[in-house]
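In: Need a 3D model of the following:
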Amino acid sequence: MAEDKRQLYKSIGFLSSVGISLVASILIGLAMGIYLDQWLDTPPLFTLIMLLIGVISGFRNVYILTTRELKRQELEDDQAGKDHDAAG
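Out: Numbering: from 1, shown residues only. Here you go, the predicted model:
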């Protein structure tokens, strides 16, 4: 039962980090675009460009985080299988 709770907390932590990473990338891109548009007096050119870059960056981060997590889970499963075989 304790292992199930531990796994649940790991999953919640992973999902929250993915969400925060996605939102942060988009907001940073949007803020940079708004700032550049105000500085260069070119609305909405840089806002749209930087928003698009932020969205692309956010989804790239999601992809990287999920592939890293999947590899980590595969390693844990392999290790658990080896431990189970050694004990049995």
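In: Now tell me which helix or strand of this structure has the poorest mean pLDDT.
Out: Least confident helix or strand, the chain: helix 45-87 with a mean of 90, by mean pLDDT, DSSP states H and E.
In: who does it touch, helix- and strand-wise?
Out: Here helix 45-87 touches helix 2-40, going by 3 or more Cβ pairs under 8 Å, 6 or more residues apart in numbering; DSSP states H and E. (Glycine included, C-beta is placed from N, CA and C.)
In: buried ones in the helix it packs on?
Out: Buried residues in helix 2-40, counted by 16 or more other Cβ atoms under 10 Å: 14, 18, 21-22, 25-26, 29-30, 32-34, 36-37.
In: Out of the residues you listed, which comes closest to D77?
Out: F14 (15.7 Å; Cβ to Cβ).
In: The closest one contacts R72, doesn't it?
Out: No: the criterion here is Cβ atoms under 8 Å, and F14 misses it with R72 at 9.4 Å.
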